[in-house]
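Asks: no sequence for this one, just the structure:
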């Protein structure tokens, strides 16, 4: 049995967790995170309503007493199912009060120790918008785009948990003369994305098929891939984005298990041409998840994940098609989620059309991020009986560039 | 005191390590690696001549009993200096025979648990050659190249220790019709590079200056960044290399401390235009290291590291200029090392000029790698009194693509 503050669990009371009727975190959601109670160390928690369950205390498995989900992830999808069933059963019972904490009283940490971080570019509307903005004189989609999920590696070591402040990066920007100067980014942007957390790994040389997706991917998070567009525009030829992205990437504190999203699964939009055989599967892995982007409290966009061209199962099959191994805790993200409508765009470079069409934010015209700005991305998916389940939000505020 | 096989150390003999007169691993080198003796677990070793010293057994610090250098790296540059001095002093004495193993009898593991892996593109001759090959109708160097060390993130999880076999990757390649097919790479290549292992990390938001290089970087290794040119050519627009590189990257088993390379430090070639202030320093960090590329035992190239345009200190300053943090065990590599001469090129796409000018290998004409081929990269640097010191070699053999 668990102990806390020297008191054995049997010395405390028990009570049921009351779940508000409109909660996005009912028993069909139950995402995992890493939390610390006011007087304790970081450990694995499971969110239920407005409370956090101390999973190690409830289940007695020391893998949950660690400050990361990696050990649990490595136990594999049968164990994920078993733990989810046990926690859902416990949610219907009275729980020891020293194994349950109000979410408002705990601190949250990065839920996984991330091995490799890959970012895709899987929204056809986003890729088309960026193509029009950056290469106005040629076809917006490059020739490879409809044949493979374009992606690249990002910096795993600068992925931070939601609500970590974002320091405005400095870097080289091209000036009007064509030569660069160095200073704080003037075009600091967001990218609203979904992140997929790898649970069970695969060895070198063995690709993961599209249909093996649910055996390898544990769950889904929200990602804000903060981007310095001026730094990125100057540096990215020919090897891709680097410092324009690597300063900070924010991850939601809660990872929603794939098992909670069965009602969100939908067919993909039509893919034309038909993908090569290694990118085909028998199951639908489109996801009907609605995002909302809030800028200083004002909702400025509603990106629809269901419009994404490439599925997360195809992304993983592509990532491993060359034999690359994956590890528990690897993270890959969808790339910016944008829909066809002007209010469905998941980045400010799209919303403001390259800074030329300012966005109204709290009755002010804005283009890119100012110091002190706060951005929060939220998302919901279909649950049972018309209810919705929520992904954990991802938020951050911009701090001024540091003096050097 | 150490024990081995149940015998206390005092029960064994002592003897001095005999170092062959022409050894590249004399007491002024003493690189670190992770080895397992025939009957034991992986642990930190230090190479002296043809022997490996068991550092945990000799120094009694449990940080060396781990199967990775990361703990030692995190102790910082003062500790690196102190340990090096103690081991160099011990090299002059008789050592317990159960703390010393012939290098031919041990197994080697990846020496560091790699956090993030970044690959640069710092050779002006390589970048010029690739520009001429891939963009024959425009200026070979892109506008940003002389202003910043171009780089991108690679896959840390597929970095393997020297002598790990390399499975030929499958992937999408553009066919003559313009649409892709999927199959084993037909243009499998090498990239001969130097790798720099980060010892002491830095926090988010705090750039590392050029002159702080030796406080943060522990040592140097050889890297072979195996590359599938056909996969890379089709996928890399607009976000850079991905599956064409991520299947395998080989790292030498031995990390030579920067402190062993003081006599290799030379001024950089002239940089024009002068770099921006954040890329300037007061010390020389060019490195006079000569590489040799052996293809099935036949030396086909001698890339000169001294010709590199950007220094490793500038690479690290650039990598962190946006505030990105670094961690002990991060690895960044120079990019392919090529000199101006035709026999100084560190990749086969350059040596064979895009496959149009076959290379003679053991009296056969060759362009890219065939199954069964072996490539070994070695390197030496100036020591004292006209001697040379060696970096640990990095080798690998090509296995056929797996059936899918």
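Replies: Sure, I can see it. If you're wondering where the values come from, they're calculated on a predicted model, not measured in any experiment.
Asks: quick one: the helices in the stretch 251-400 of chain A?
Replies: Assigned by DSSP state H, counting those that start in this stretch, the helices in the stretch 251-400 of chain A fall at A:312-320, A:348-351.
Asks: distance to chain B for those helices - can I get that in TSV?
Replies: Where C-beta positions appear, they are placed from N, C-alpha and C, glycine not excepted. As requested, those are exported to TSV (distance: least, C-beta to the nearest C-beta, whole Å):
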stretch	distance to chain B
helix A:312-320	7
helix A:348-351	14
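Asks: switch those over to TSV; also include mean neighbour count and mean pLDDT.
Replies: TSV is the format used below for those (neighbours: other C-beta atoms under 10 Å in any protein chain shown; pLDDT from 0 to 100):
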stretch	mean neighbour count	mean pLDDT
helix A:312-320	26	98
helix A:348-351	26	98
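Asks: could you dump the ones you listed into CSV with distance to residue A:170 added?
Replies: Shown next, in CSV, are the helices of the stretch 251-400 of chain A (distance: least, C-beta to C-beta, whole Å):
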stretch, distance to residue A:170
helix A:312-320, 32
helix A:348-351, 19
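Asks: tell me the spacing between residue A:195 and residue B:326.
Replies: In this view, residue A:195 and residue B:326 are 23 Å apart by C-beta to C-beta, to the nearest Å.
Asks: so what's the residue of the stretch 251-400 of chain A found nearest chain B up against?
Replies: Evaluated by C-beta to the nearest C-beta, the stretch 251-400 of chain A has residue A:322 as its residue closest to chain B, separated by 3.8 Å. Residue A:322 makes contact with A:207, B:169, B:170, B:171, B:228, B:231, B:243, B:244, B:246, B:247, according to C-beta atoms under 8 Å, 6 or more residues apart in numbering or on different chains.
Asks: how does it look with 6 Å?
Replies: Applying C-beta atoms under 6 Å, 6 or more residues apart in numbering or on different chains to residue A:322 gives the contacts B:169, B:171, B:243, B:247.
Asks: can you give me the pLDDT of it?
Replies: Listed pLDDT for residue A:322 reads 98.
Asks: one more: residue A:403?
Replies: pLDDT, read off for residue A:403, is 83.
Asks: around chain B, pick out the residues from the stretch 101-250 of chain A.
Replies: The stretch 101-250 of chain A has residues A:115-116, A:142, A:144, A:147-148, A:150-153, A:155-158, A:167, A:169, A:171-172, A:180, A:182, A:205, A:234, A:237, A:239-240, A:242-243, A:246-247 near chain B, with proximity defined as C-beta under 6 Å from any C-beta of the partner chain.
Asks: just the buried ones from those residues, in ChimeraX syntax?
Replies: For the buried members of those, the matching ChimeraX selection, counting by 16 or more other C-beta atoms under 10 Å in any protein chain shown, is:
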select /A:115,116,144,147,148,150,151,152,153,155,156,157,158,167,169,171,172,180,182,205,234,239,240,242,243,246,247
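Asks: in helices, which of the residues of the stretch 101-250 of chain A next to chain B fall?
Replies: residue A:234 (DSSP state H).
Asks: in strands only, show me the residues of the stretch 101-250 of chain A next to chain B.
Replies: Within those, residues falling in strands by DSSP state E are A:151, A:152, A:153, A:167, A:171, A:172, A:180, A:182.
Asks: tell me how far the second one lies from residue A:244.
Replies: If I follow you right, that is residue A:152. Separation of residue A:152 from residue A:244 (C-beta to C-beta): 12 Å.
Asks: closest residue of the stretch 101-250 of chain A to chain B?
Replies: For the stretch 101-250 of chain A, C-beta to the nearest C-beta, closest residue to chain B: residue A:240, 2.3 Å.
Asks: ignoring the adjacent residues along the chain, who's closest to that residue?
Replies: Among residues not flanking residue A:240 along the chain, residue B:240 sits closest, at 2.3 Å (C-beta to C-beta, 6 or more residues apart in numbering or on different chains).
Asks: if we check chain A, which of the contacts of residue A:322 are in contact?
Replies: The subset of those within reach of chain A, by C-beta under 6 Å from any C-beta, is B:169, B:171, B:243, B:247.
Asks: and the contacts of residue A:322, which two are furthest apart?
Replies: The span of the contacts of residue A:322, defined through C-beta to C-beta, is set by B:171 and B:247 at 8.5 Å.
Asks: and stretch A:77-88, what's its mean pLDDT?
Replies: Across stretch A:77-88, pLDDT averages out at 98.
Asks: can you name the residues bridging to the residue nearest to residue A:277 when sequence neighbours are not counted?
Replies: Counting by C-beta to C-beta, 6+ apart, residue B:182 is the residue found nearest to residue A:277 once chain neighbours are left out, at 7.4 Å. For residue B:182, the beta-bridge partners are residue B:172 (DSSP bridges).
Asks: next one, pLDDT for residue B:182 please.
Replies: pLDDT recorded at residue B:182 is 98.
Asks: ok, it - contacts?
Replies: A:276, A:278, B:172.
Asks: can you get me a residue count around residue A:229?
Replies: If you count neighbours by other C-beta atoms under 10 Å in any protein chain shown, residue A:229 ends up with 22.
Asks: no no, residue A:22
Replies: What residue A:22 shows, counting by other C-beta under 10 Å, is a neighbour count of 8.
Asks: for the one 3 residues further on, same thing?
Replies: With neighbours defined by other C-beta under 10 Å, the count for residue A:25 comes to 23.
Asks: before I go, just wanted to say thanks for your time.
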